[in-house]
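[1] one predicted model, sequence on top.
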Amino acid sequence: TDSLRSKTLRDKYSLAPSITDDLPYNFVAQPQDGLSRQQLIPRVSDGDEWTIEWGYKPLDFTDPEAERQYLTDLTTRHLADNPRHTFVVGTSFNDPQCKVHDLGDDQPKAIEYGMKNLKLIAPHLVEWGTTNRDLHYSSLNAQHYWAQINGNILKYYVILSNNVTGKCCRPKPASADGEVYFYNDKNYVEKCIAGLFDMFGEQPKWVWADSTQNFTWVTPEKAGMGYAQILAGMPSVIMLRNLNQNIDPLEYAMRFYKFIYRNAKPNATPTLYERTMQSILLATMISSFNPRYDTYVRGSERPACLYVIKQIQNRLQNALPTTHDKATHDHYTILLRQIEEFFTIKQ
């Protein structure tokens, strides 16, 4: 990933082996790297040359089977020597390493660089997005620019979350050793989960920081609230059902509980963003018992959700008597009523 910041390597290689890799730009590069515009955008590269060679180089075969075997052997040897040219097949749609904006071999680190760049851009959108300073900066332009930042963040989210549930795919001949589909190891997935907490754990007001001073459609106290739903919805029953097999469902669900409810304690006053995450996490846990999932979930998902619900109940019961902030008190009361109703229905 860090090689994407190298001038020398960017002159030698494009961002990806092929221009068809759907990479819009080099979001890993930082301002201090001093890369040129050409070094920041994709271009035809060695993977494209290999594809053209395989598809169009004249061969002297008259027997189709002999030609097919030659190309298979050639491809097998070639990919062993240069794994950059590994291709994607149609069934690898959930491969976390085959997504738009997938850049570099360390996705959490690449996205950390990308977020740094977005945070640099966000406060200057009005300044940099207005070609004539005397013209009114319209809502249409504003929504377009901020939608681009939000769109990039959501692409980063898809990449990280896909590492939590997706399988990698490396096509190979039937005679070759190794698995075609495999999960990333636990340490790598843990880095991806940590990246999600870094992105959405605190209210990301910076995304709309500049817009709150110029437009009525977003206010500072509610800027970025939608991201609370994204983070708190990560331990949904669907995510638990498709969880990377190197991650324990209960351990995964409890990680979100411990983070999201960390400030639900005696004499504490969670922020609006924290209260929103708490509400959504509880709703996510309760929704896992919806009958529509009866034929879908495995044996470990619902017990994990039930355990988290009980942990939330215990924590809120301990915090409520010493809570004097009205908004927080009402919030805890509502959540406890939801839990009580859930257990009543389950009985």
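    Noted; the coordinates are in hand. Numbering: from 1, shown residues only.
[2] alpha carbons only for contacts and neighbour counts from here, please
    OK.
[3] and the residue lying closest to E112 once chain neighbours are set aside, how many neighbours?
    Closest residue in space to E112, ignoring its immediate chain neighbours: G195 at 7.5 Å, by Cα to Cα, 6 or more residues apart in numbering. When counting by other Cα atoms under 10 Å, one arrives at 21 neighbours for G195.
[4] residues in contact with G195?
    Contacts for G195 (Cα atoms under 8 Å, 6 or more residues apart in numbering) come out as 108, 112, 160.
[5] how does it look with 10 Å?
    107-109, 111-112, 156-157, 160-161, 189, 201 (Cα atoms under 10 Å, 6 or more residues apart in numbering).
[6] over to K109?
    Going by Cα under 10 Å, 6+ apart, K109 touches 1-2, 28, 103, 115, 191-192, 195.
[7] give me the average confidence score over the helix or strand harbouring it.
    Using DSSP states H and E, K109 falls within helix 107-121. If you average the pLDDT over helix 107-121, you get 94.
[8] so how far is that helix off the chain centroid?
    In this view, helix 107-121 has its centroid 12 Å away from the chain centroid, taken as Cα atoms, centre = their mean, to the nearest Å.
[9] next structured bit after it?
    Scanning onward from helix 107-121 (DSSP H and E), the first element met is helix 125-129.
[10] what's the angle from the following helix or strand past that following helix to helix 107-121?
    Moving toward the C-terminus from helix 125-129, the next helix or strand (DSSP H and E) is helix 139-165. On the basis of axes from the mean of the first three to the mean of the last three Cα atoms, to 10 degrees, helix 139-165 is oriented at 160 degrees to helix 107-121.
[11] just the residues contacting stretch 76-95, thanks.
    In this structure, residues lying in contact with stretch 76-95 by Cα under 10 Å, 6+ apart are 16-18, 21, 46-51, 70-72, 75, 97-99, 159, 162-163, 165-173, 176, 181-183.
[12] run through the strands of this structure in chain order.
    168-169, 181-182 (DSSP state E).
[13] and these, which is most packed in?
    Of all the strands of the chain, strand 168-169 carries the top mean neighbour count, a mean of 22, counting by mean count of other Cα atoms under 10 Å.
[14] strand partners of that strand, parallel vs antiparallel please.
    Counting by DSSP bridges, the strands paired with strand 168-169 are strand 181-182 (antiparallel).
[15] Q338 and I280 touch, don't they?
    No: Q338 is beyond contact range of I280, at 11.8 Å (criterion: Cα atoms under 10 Å).
[16] identify the contacts common to the two.
    I286.
[17] hmm, L243 is touching N184, no?
    No: using Cα under 10 Å, L243 is not in contact with N184; the gap is 11.3 Å.
[18] who has more neighbours, those two?
    L243 (23 against 17).
[19] quick check: closest non-adjacent residue to the more buried one.
    Nearest to L243 is T165, by Cα to Cα, 6+ apart, at 4.5 Å.
[20] the one you found: how many residues sit nearby?
    T165 has 22 nearby residues by other Cα under 10 Å.
[21] okay, W217: pLDDT?
    60.
[22] likewise Q38?
    The per-residue confidence score, pLDDT, reads 87 for Q38.
[23] in contact with it, which residues?
    With Cα under 10 Å, 6+ apart, Q38 has these contacts: 10-11, 14, 25.
[24] ok, E53 next?
    Contacts of E53 (Cα under 10 Å, 6+ apart): G47.
[25] many thanks, I have nothing further to ask.
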